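Novice: Kindly return the folded structure for what I paste below:
(chains A, B, C and D)
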Number of protein chains: 2
Amino acid sequence: MPQATIPDLSKNLAKLMRRAPLSEEAQQAFLELPAKREVFAAYRDIIREGEPTCRCCFVEEGLVSRYKLLRNGGRQIVSFHIPGDLVDLQSSLVKVSDHGIRTHTATVLHTVACQDVLALAEKFPELALAFWFETLADGAIFREWTLNVGRRGARERTAHLLLEFAYRLKQVGLSDGREFELLVTQADFADAVGLSPVHVNRSLQSLRQDALIRTFKKTVVIEDMAGMIREADFRPGYLHPEGQSAAA
Amino acid sequence: MPQATIPDLSKNLAKLMRRAPLSEEAQQAFLELPAKREVFAAYRDIIREGEPTCRCCFVEEGLVSRYKLLRNGGRQIVSFHIPGDLVDLQSSLVKVSDHGIRTHTATVLHTVACQDVLALAEKFPELALAFWFETLADGAIFREWTLNVGRRGARERTAHLLLEFAYRLKQVGLSDGREFELLVTQADFADAVGLSPVHVNRSLQSLRQDALIRTFKKTVVIEDMAGMIREADFRPGYLHPEGQSAAA
DNA sequence: CGAAGTTTTGAGGACCTTCAAAAGTTGTGG
DNA sequence: CCACAACTTTTGAAGGTCCTCAAAACTTCG
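Specialist: Next up is the predicted model:
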């Protein structure tokens, strides 16, 4: 791995631009944000719930999740973030985080002071729109997750999350859409789909038995894409891929 | 009820300003949006999933929800919207809705063409920020709901949603924070908390039996607020009430 | 090569669902 | 104002899905 220490927000810019066009100046201004490159090991907290938020983080490499905790020890992962994602842009607008953020693998982040993000949004309305759009796409994923844990059975749920990974990783070139590395333990997967680890294991087995997926080590191969889509009732519209944006 | 037919967005402006300060001109411009006043009966679809989105709607009176459907007939309500709420601002940015919106009681909406909202955001960066902020607060609620259906038991879930209603209705002066009208059938409540209607009924009974709540007709009284908060592990921070905003 | 973590298996039980019907409420028209 | 229909809430009972606990097999890592 190269020893690059200069923050490079180009991946994150690319993601913003998948949805909203940006002028040269806006792009330039975004890339010149005073970012700090930070490297985290696996399973490190980046922000804990209730902490004051002062920096947004943009993922360059690795995998992070946002989660909420219950007094009784319950944990719910509410989203995963892959390279290119702008995590918690929202913290720019809120004083105290209502959720935690942590890594699942070694990850590289670029963090930017919230007030710098805000200032940029105020200066470039088109960037404000892009950030708004990004937050909105986030919201769409949360809604789908609510549906997932609220109304799908265990097998459907796990199938759905696998497809979401496949789809999103493909968008950033980390998968061909069928095969990908699932860098998440079954226990963490369970916290994302609202099941017990044991039952996640059994759901995966069940999907394997029906030849819908195949796994080895940490990689997952979707063997029967049509079957999985049917199983999960997966309609990727909620991910609002490029091309759906309504340019003015 | 007065026969007012002139759209009045002041309630919605008030909500925006609970979080972000706005200049006189921005306020004026928002109030002058070309809005159309529309009245719907109970249980009417305003937008169906998959339909093109062309108008945002701002609630003046009544109750609406956003929901997602599954092929197998499952329905998940992902949010409720009360007077003052700006529903689906996001549609300004997305071509096709990934969810439906419908009324639960007779409701009065003001609808605005998405492009008008967008144009306003482009002209007034402070409004763009306010809209972004609003979308973000929405996201926080979705996250909490994911936690709710994913990791809380039935009694806790229903207690949590009741408290959310009490809290939000208080913010807009429709409750004192303890007593409010629950204008939702148990079947719809079930679709919001990811349970069967029968079990919602039993959860409510259980809360009543422990003297945590009292109900008559459609009104709910929270008898033991501390007990309910404990039961639901309710921390209202996710609702991002006024005063939490990080003004630049 | 041993230690720690992760996945897998088994068994018993809790929680919640489904189905079905009764009781209660609300709304409508005569 | 009553009667009836439609809807909503409540009750009961049986069963399935998913959970918990506990231990074994397998992997990964130092």
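
Novice: Check the burial of the residue of chain A found nearest DNA strand D by counting its neighbours.
Specialist: Using Cβ to the nearest atom of the strand, the point where chain A gets nearest to DNA strand D is residue A:199, with a distance of 3.0 Å. All C-beta spots, glycine's among them, are computed from the backbone N, C-alpha and C. Other residues near residue A:199 come to 16 when the count uses other Cβ atoms under 10 Å in any protein chain shown.

Novice: which SSE is it in?
Specialist: Counting by DSSP states H and E, the element that carries residue A:199 is helix A:197-209.

Novice: so what strands line up beside the helix or strand hosting residue A:38?
Specialist: Element membership of residue A:38, judged by DSSP H and E, is strand A:35-40. Next to strand A:35-40 in the sheet, as set by DSSP bridges, lie strand A:107-113 (antiparallel).

Novice: got the residue ranges for the strands in chain A?
Specialist: With strands called from DSSP state E, chain A shows them at A:35-40, A:45-47, A:55-61, A:64-69, A:75-81, A:86-87, A:100-103, A:107-113, A:179-181, A:213-216, A:219-222.

Novice: List the residues that contact residue A:65.
Specialist: Applying Cβ atoms under 8 Å, 6 or more residues apart in numbering or on different chains, one finds that residue A:65 lies in contact with A:77, A:78, A:79, A:80, A:81, A:101, A:102, A:104, A:188, A:192.

Novice: So for the closest residue to residue A:240 other than its chain neighbours, what's the pLDDT?
Specialist: Closest residue in space to residue A:240, ignoring its immediate chain neighbours: residue A:137 at 4.8 Å, by Cβ to Cβ, 6 or more residues apart in numbering or on different chains. Per-residue confidence (pLDDT) for residue A:137: 90.

Novice: model confidence over stretch A:235-245, on average?
Specialist: When the per-residue pLDDT values of stretch A:235-245 are averaged, the result is 71.

Novice: typed the wrong thing, it's stretch A:56-71
Specialist: When pLDDT is averaged over stretch A:56-71, the result is 94.

Novice: How about stretch A:164-181?
Specialist: For stretch A:164-181, the per-residue pLDDT values average out at 95.

Novice: do that stretch and DNA strand D meet at all?
Specialist: No - using Cβ under 7 Å from any atom of the strand, stretch A:164-181 stays clear of DNA strand D, coming no nearer than 11.1 Å.

Novice: the longest helix in chain A is where?
Specialist: For chain A, the helix that runs over the most residues, judged by DSSP state H, is helix A:125-151.

Novice: mind checking how far the most centrally placed residue in chain A is from residue B:238?
Specialist: Nearest residue to the geometric centre of chain A (Cα atoms, centre = their mean): residue A:81, 2.3 Å. When Cβ to Cβ, to the nearest Å is applied, the distance between residue A:81 and residue B:238 equals 19 Å.

Novice: Point out where chain A drops to low pLDDT.
Specialist: Counting by pLDDT under 70, the ranges of chain A that qualify are A:1-5, A:91-93, A:241-248.

Novice: Those residues of it touching DNA strand C, which are they?
Specialist: A:185, A:186, A:187, A:197, A:198, A:201, A:202, A:204, A:205, A:215.

Novice: Do I have it right that the second one meets residue A:203?
Specialist: By that I understand residue A:186. No - taking Cβ atoms under 8 Å as the contact criterion, residue A:186 and residue A:203 are not neighbours in contact, 9.6 Å apart.

Novice: between those two, which one's more packed in?
Specialist: The residue with more neighbours, out of residue A:186 and residue A:203, is residue A:203; 22 against 18, by other Cβ under 10 Å.

Novice: quick one: residue A:61 from DNA strand C, how far?
Specialist: Applying Cβ to the nearest atom of the strand, to the nearest Å, the value for residue A:61 to DNA strand C is 19 Å.

Novice: mind listing what the residue lying closest to that residue once chain neighbours are set aside touches?
Specialist: Spatial nearest neighbour of residue A:61, chain neighbours left out: residue A:108 (4.3 Å); criterion: Cβ to Cβ, 6+ apart. Residue A:108 makes contacts with A:37, A:38, A:39, A:40, A:59, A:60, A:61, A:62, as judged by Cβ under 8 Å, 6+ apart.

Novice: Same check on residue A:105?
Specialist: By Cβ under 8 Å, 6+ apart, the residues touching residue A:105 are A:42, A:62, A:63, A:183.

Novice: Pull up the gap between the last one and residue B:162, please.
Specialist: Remark: distance between residue A:183 and residue B:162 (Cβ to Cβ) = 39 Å.

Novice: isn't residue A:233 right next to residue A:155, touching?
Specialist: No - with contact defined as Cβ under 8 Å, residue A:233 does not reach residue A:155; the gap is 11.5 Å.

Novice: Show me whatever sits in contact with both of those two.
Specialist: Between them, residue A:233 and residue A:155 share no contacting residue, judged by Cβ under 8 Å, 6+ apart.

Novice: count of neighbours near the residue found closest to the residue of chain A closest to DNA strand D once you drop the neighbours it is linked to in the chain?
Specialist: Leaving aside its sequence neighbours, residue A:199 sits nearest to residue A:154 (Cβ to Cβ, 6+ apart; 5.6 Å). In terms of burial, residue A:154 registers 16 neighbours under the definition other Cβ under 10 Å.

Novice: Contacts only, for residue A:154.
Specialist: Under the criterion of Cβ under 8 Å, 6+ apart, the contact partners of residue A:154 comprise A:193, A:195, A:199, A:200, A:202, A:203.

Novice: Residue A:109 and residue A:46 touch, don't they?
Specialist: Yes - proximity of residue A:109 to residue A:46 meets the contact threshold set by Cβ under 8 Å, at 7.2 Å.

Novice: Neighbour count for the two, which is higher?
Specialist: residue A:109 (26 against 21).

Novice: List the beta-bridge partners for the more buried one.
Specialist: When assigned by DSSP bridges, residue A:109 has beta-bridge partners residue A:38, residue A:59.

Novice: and the gap between it and DNA strand C?
Specialist: As it turns out, when the distance is counted by Cβ to the nearest atom of the strand, residue A:109 lies 21 Å from DNA strand C.

Novice: do the same with residue A:79
Specialist: In this structure, residue A:79 and DNA strand C are separated by 20 Å, where distance is defined by Cβ to the nearest atom of the strand.

Novice: ditto for residue A:156
Specialist: Computed as Cβ to the nearest atom of the strand, the residue A:156 to DNA strand C distance reads 13 Å.

Novice: Now do the contacts for the closest residue to that residue other than its chain neighbours.
Specialist: In this structure, residue A:156 finds its nearest non-sequential neighbour in residue A:232, 5.3 Å apart by Cβ to Cβ, 6+ apart. Counting by Cβ under 8 Å, 6+ apart, residue A:232 makes contact with A:152, A:156, A:157, A:159, A:160, A:162, A:163.

Novice: Looking at those, which one is closest to DNA strand C?
Specialist: Within the set of the contacts of residue A:232, residue A:152 lies nearest DNA strand C; the separation is 11.5 Å, counting by Cβ to the nearest atom of the strand.
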